[in-house]
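[1] Fold the following and give me the result.
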Amino acid sequence: MEIRVNSSQKALSALYTAVCKSVVGQDHVVKSLIIALLTRGHVLLEGLPGTAKTRSIKSLAESMQANFGRIQFTPDLLPSDVTGSEVYREVAGKPQLDFQPGPIFNNLVLADEINRAPAKVQAALLEAMAEGTVTAAGHTRKLPDLFMVLATQNPVDQEGTYPLPEAQMDRFTLKVNVAYPDKAAELAIIKLVRQEENGPVNVNQTDCALVVSPTDIITGQQELADIYVSPVMENYIVDLIMATRDVDEYDNAQFPEWIEVGASPRASIALDRCARAHAWLDGRDFVCPDDVRAVLHSVLGHRLMLSYDAAASGIKPEQVVDDLVKYVPYGQ
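    Next comes the predicted model:
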């Protein structure tokens, strides 16, 4: 099998390598962020404190020639703190209102602890994620062509939080669970932090020469259209999503009793795009079943509404997706 690698793929491979050096033990998180960049999607990172969620996003931004904005979500946050607002000024003795853009007008936007902001703020963010525009002071303004929201939330500390509505969860292309690192990674983290105490470690000064610009990302986004998805693969993608809705067709599986509400058509679109991005990153011009399965958990897990029995039994979305892969056949 011939592997074809172009300049954009080399740039994205260099980006992956550089960020992984700064974020130890979370390679799957870094790859998910790059896949989201390629698919024009948004990412929700969920994990306990100290698992490098914010560091992953900041390291990605520092490794790119892109604008970065951070919003620390709190219960008293206002929509204008995200979108921006009109500011009164006097110019040449005449009063006027000028629009002051908020942090949402950046290429990469970190929404830290996103579930701590009230519904009005979530609505303002939802428009940006869904439409790529911001409506403020009676005017609708377009966001940059390269735009991605990277949100974080803590799965344990729920006091004073506002659970994200299903419509907003569905707007996240990927949800990535960030676990604690293993022993080897933990040792590497200690050494990295000790090294940083002598001064910041710039990933651009590593042995991997890195020049990644928004143009490289946009070129990669355009090249995804050339990745071939066979009719068999298309049917496999659709069958996986349809299985979450037509649960009666799988009598011997357990997932039918675990799913209350299945995934929307956005899940099919996201699965197709992410599978193509995964194949592109591997240097292939076609999608294989391994590409679909590699991104399935991140694409589908947060889009499933589990039944009361599943929640009472401690069933996790990961188990449901594993059962889907087991019982949904490929190639029919």
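[2] can you pull out the strands in the stretch 101-250 of the chain?
    In the stretch 101-250 of the chain, strands defined by DSSP state E, counting those that start in this stretch lie at 108-112, 133-136, 139-142, 148-153, 174-178, listed in chain order.
[3] partners of the longest one, with directions?
    Partner strands for strand 148-153, per DSSP bridges, with pairing direction: strand 43-47 (parallel), strand 108-112 (parallel).
[4] Just send the ones you listed back as TSV, with mean neighbour count and mean pLDDT too.
    Yep, even glycine has a C-beta here, placed from its N, CA and C like the rest. TSV is the format used below for those (neighbours: other CB atoms under 10 Å; pLDDT from 0 to 100):
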stretch	mean neighbour count	mean pLDDT
strand 43-47	23	90
strand 108-112	24	91
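[5] For residue 262, find the nearest of those strands.
    strand 43-47 (19.4 Å; CB to CB).
[6] Which of the residues in whichever helix or strand comes after the closest one are classified as buried?
    For strand 43-47, the succeeding helix or strand toward the C-terminus, using DSSP states H and E, is helix 53-62. Neighbour counts over helix 53-62 (16 or more other CB atoms under 10 Å) mark 53-62 as buried.
[7] Name the residues that touch helix 53-62?
    With CB atoms under 8 Å, 6 or more residues apart in numbering as the test, helix 53-62 has contacts from 15, 19, 22-23, 26, 29-30, 33-34, 45, 47, 68, 108, 110, 112, 150, 152, 178, 202-204.
[8] please redo it, this time with the cut-off set to 7 Å
    Helix 53-62 is contacted from outside by 19, 22-23, 26, 29-30, 33, 45, 47, 68, 108, 110, 112, 150, 152, 178, 203, using CB atoms under 7 Å, 6 or more residues apart in numbering.
[9] Next, the angle strand 174-178 makes with it.
    Going by axes from the mean of the first three to the mean of the last three CA atoms, to 10 degrees, helix 53-62 is angled at 120 degrees with respect to strand 174-178.
[10] From the contact counts, what lies against the helix or strand following helix 53-62?
    Per DSSP H and E, the first helix or strand lying C-terminal to helix 53-62 is strand 68-72. The contact analysis (3 or more CB pairs under 7 Å, 6 or more residues apart in numbering; DSSP states H and E) places strand 68-72 against strand 108-112.
[11] In three-state terms, label residue 86 for me.
    When classified by DSSP: H, G, I helix; E, B strand; the rest coil, residue 86 comes out as strand.
[12] and if you look at residue 96?
    Reduced to three states by three-state DSSP, residue 96 is strand.
[13] got the CA positions of stretch 125-141 in PDB?
    Extracted as PDB, the C-alpha positions of stretch 125-141 are listed here (Å, rounded to 0.1, in the frame of the first residue of the first chain):
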ATOM      1  CA  LEU A 125     -21.200  30.500  22.400                       C
ATOM      2  CA  LEU A 126     -23.600  28.100  20.600                       C
ATOM      3  CA  GLU A 127     -24.200  30.600  17.700                       C
ATOM      4  CA  ALA A 128     -20.400  30.900  17.300                       C
ATOM      5  CA  MET A 129     -20.000  27.200  17.200                       C
ATOM      6  CA  ALA A 130     -22.900  26.400  14.900                       C
ATOM      7  CA  GLU A 131     -22.900  29.400  12.500                       C
ATOM      8  CA  GLY A 132     -19.400  30.800  12.700                       C
ATOM      9  CA  THR A 133     -20.900  34.200  13.500                       C
ATOM     10  CA  VAL A 134     -21.500  36.400  16.500                       C
ATOM     11  CA  THR A 135     -24.500  38.700  16.900                       C
ATOM     12  CA  ALA A 136     -23.900  41.600  19.300                       C
ATOM     13  CA  ALA A 137     -25.200  45.200  19.500                       C
ATOM     14  CA  GLY A 138     -27.700  44.400  16.700                       C
ATOM     15  CA  HIS A 139     -25.100  43.300  14.100                       C
ATOM     16  CA  THR A 140     -23.900  39.900  13.000                       C
ATOM     17  CA  ARG A 141     -20.200  39.600  12.500                       C
END
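[14] Nothing else from me, thank you.
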